[in-house]
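Asker: Give me a model of this one.
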Amino acid sequence: MHPADEIRGEKSWDLKDKKIALCITGSIAAIESFHLCRELIRHGADVIPVMSETSTKILHPNTMEFASGRKPVLELGGQVEHVKICRNVDLILIAPCTANTISKIATGVADNALTSCVLVAEGSGVPILIAPAMHLSMYESPIIREHVDNLRKRGFTIIDPEIKGESARLAGKEKIIAYVKRTLNGKHLKGKRVLVIGGASMEYIDDIRFISNRSSGKMAISLATKAFEMGADVELWHGMVTERIPDYIPSRKFESVKDVFRIIERSKNFDFIIVCAALANYVPDKFDGKLPSDKDSLTLKLRKSPYVIEELRKLNPNGKVIAFKAEKERKDIEKKALDFLNKFNLDLVVANTLQAFGSEKSEIWIVSRRETFYLKGNKKTLAEKILLKLREL
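Answerer: Reported below is the predicted structural model:
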């Protein structure tokens, strides 16, 4: 067994049976292509490296053969590689892509194996992703900006680089993989706008102390990430979270329930609104400054906070509102979820127990007016199952 096969599907099978031509140009960022190739394979992909001559001076072809399990295409020969391979792959990924190669592709130059592959792929309707990497002054050059804009108009997907100092750096592996999945698997929620509200609210007792809960935000981030991969235009509103939010997910931070109500008008015109945030049901009357710490006891007065989901439903009478409902134990959890759904006129309720808080795994009950589905597994897998249910609403 080749080492590439030993890691195939290690992280997911989202790219199972997908053939991807990984085109590598002569940027110093080519050294990242080895790791990118392996990451694509870890998600199930079959990767065929295509290398420009300049890239082989930075990254040895043997390295990419080891990474992928396939001999890289370095030049065109009697096998007509640019037609044989690039017309029959599922996707072309140019990462990194230099200013020189962007200019060639934009103007139809096919002077090597890589640019010939791209030309054949475009003519065959194969989706093409470009991840630029170069000095910032080159990326901001008017002619390169014009080329990038023209490529977008022609249907190419440009994965924006990370701007750091004077560098337009190659986007991270996580971002590139997400765009690959979105391109190949994005039909499920394509054209749909999805708002995810997650994380824990923070209700201040005084200027430095607050009441919160153990919600990690893992499920919210999993839902937002998976919705992006499934083709949705997604936005994440989040309270306190312990997980990193991917930089390709548009997000907006809030602290308290009151903060959510300040921005809630922005929820209009979403097709689906998923509320998995652990928002406070009771909030304290805040003290100014800092409460003294030398008292023997302290009594806090809490008052009922308004329900965010109730206001969301009022603002979005035609949108689909999905809410999470946490219960202490499994007993009567389906009935309680259905009662919750009917009380607030929701479209779907996802019920779970307190064991889900802060955990990588969970068990959930997806409750609608017609039926209930019970599922258990890691939160990324469950997020996908929940989102697939949205198509039935």
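
Asker: so where's this structure shaky on pLDDT?
Answerer: Scanning the chain with the threshold set as pLDDT under 70 gives 78-81, 356, 358.

Asker: Could you list which residues are in contact with the most centrally placed residue in it?
Answerer: Taking CA atoms, centre = their mean, the centroid of the chain lies closest to residue 225, which sits 2.8 Å from it. Residue 225 makes contact with 178, 246, 249, 380, 383, according to CB atoms under 8 Å, 6 or more residues apart in numbering. C-betas here are computed from N, CA, C, even on glycine.

Asker: export those to a markdown table and tack on distance to residue 63, neighbour count and secondary structure?
Answerer: Shown next, in a markdown table, are these (distance: CB to CB, whole Å; neighbours: other CB atoms under 10 Å; DSSP: H, G, I helix; E, B strand; the rest coil):
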| residue | distance to residue 63 | neighbour count | secondary structure |
| --- | --- | --- | --- |
| 178 | 25 | 20 | helix |
| 246 | 28 | 16 | coil |
| 249 | 32 | 18 | coil |
| 380 | 30 | 17 | helix |
| 383 | 35 | 26 | helix |
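
Asker: Would you indicate which residues of the helix or strand in which the residue nearest to the centre of the chain is found are buried?
Answerer: If you go by DSSP states H and E, residue 225 is part of helix 218-229. Buried residues in helix 218-229, counting neighbours by 16 or more other CB atoms under 10 Å, are found at 218, 219, 220, 221, 222, 223, 224, 225, 226, 227, 228, 229.

Asker: what's the domain layout of the protein?
Answerer: 3-185, 193-390 (automatic domain parsing).

Asker: Could you single out the nearest of the buried residues of helix 218-229 to residue 7?
Answerer: residue 229 (20.3 Å; CB to CB).

Asker: which residues sit in contact with the nearest residue to the closest one once chain neighbours are set aside?
Answerer: Counting by CB to CB, 6 or more residues apart in numbering, residue 181 is the residue found nearest to residue 229 once chain neighbours are left out, at 4.1 Å. Contacts for residue 181 (CB under 8 Å, 6+ apart) come out as 14, 15, 43, 229.

Asker: repeat that for 10 Å
Answerer: 12, 14, 15, 18, 43, 45, 225, 226, 228, 229, 230, 231 (CB atoms under 10 Å, 6 or more residues apart in numbering).

Asker: cool, residue 149 as well?
Answerer: 106, 158.

Asker: roughly how far apart are it and residue 168?
Answerer: 15 Å (CB to CB, to the nearest Å).

Asker: same check, this time on residue 55
Answerer: In terms of CB to CB, residue 55 sits 18 Å off from residue 168.

Asker: And those two? Which one has more around it.
Answerer: residue 55 (26 against 23; other CB atoms under 10 Å).

Asker: Now do the same for the more buried one: helix, strand or coil?
Answerer: helix (DSSP: H, G, I helix; E, B strand; the rest coil).

Asker: Residue 34 is in contact with that one, correct?
Answerer: No - at 11.6 Å, residue 55 does not count as touching residue 34 under the criterion of CB atoms under 10 Å.

Asker: Need the residues touching each of those two.
Answerer: In contact with both residue 55 and residue 34: 24, 49, 64, using CB under 10 Å, 6+ apart.

Asker: Could you export those as JSON lines, including distance to residue 256, secondary structure and neighbour count?
Answerer: Putting the shared contacts of residue 55 and residue 34 into JSON lines (distance: CB to CB, whole Å; DSSP: H, G, I helix; E, B strand; the rest coil; neighbours: other CB atoms under 10 Å) gives the following:
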{"residue": "24", "distance to residue 256": "48", "secondary structure": "strand", "neighbour count": "32"}
{"residue": "49", "distance to residue 256": "51", "secondary structure": "strand", "neighbour count": "25"}
{"residue": "64", "distance to residue 256": "51", "secondary structure": "helix", "neighbour count": "27"}
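
Asker: I'd like these written out as CSV, with distance to residue 294 added.
Answerer: Output for these, formatted as CSV (distance: CB to CB, whole Å):
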residue, distance to residue 294
24, 65
49, 68
64, 67
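
Asker: What is the nearest of those to residue 388?
Answerer: Nearest member of these to residue 388, counting by CB to CB, is residue 49, at 33.2 Å.

Asker: wouldn't the closest one be in contact with residue 60 here?
Answerer: No - between residue 49 and residue 60 no contact is recorded; they are 11.3 Å apart, counting by CB under 10 Å.

Asker: shared neighbours, the two?
Answerer: 34, 72.

Asker: tally of neighbours for the closest residue in space to residue 241 that isn't next to it in sequence?
Answerer: Sequence neighbours aside, residue 217 is the residue nearest to residue 241 in space, at 2.9 Å (criterion: CB to CB, 6+ apart). Number of residues near residue 217 (other CB under 10 Å) recorded here: 25.

Asker: show me the contacts for residue 217.
Answerer: Applying CB under 10 Å, 6+ apart, the residues near residue 217 are 196, 198-200, 224, 236, 238-245, 276-278, 358.

Asker: Check whether residue 91 really touches residue 20, as I assumed.
Answerer: Yes - using CB under 10 Å, residue 91 is in contact with residue 20, at 5.0 Å.

Asker: If we go by neighbour counts, what in the strand or helix carrying residue 152 is buried?
Answerer: In the assignment (DSSP H and E), residue 152 maps to helix 142-153. Neighbour-count burial for helix 142-153 flags 144, 147, 148, 151 (criterion: 16+ other CB under 10 Å).

Asker: Looking at the shared contacts of residue 55 and residue 34, which is nearest residue 83?
Answerer: Using CB to CB, the shared contacts of residue 55 and residue 34 come closest to residue 83 at residue 49, 17.5 Å.

Asker: any idea how far residue 73 is from that closest one?
Answerer: For residue 49 relative to residue 73 (CB to CB), the value is 7 Å.

Asker: what do the two both touch?
Answerer: 21, 23, 61.

Asker: Among the residues you listed, which one lies nearest to residue 104?
Answerer: Of the shared contacts of residue 49 and residue 73, the one sitting nearest to residue 104 (CB to CB) turns out to be residue 23, at 11.7 Å.

Asker: Would you mind measuring the gap between the ends of stretch 20-38?
Answerer: Distance across stretch 20-38, first residue to last, is 12 Å (CA to CA, to the nearest Å).
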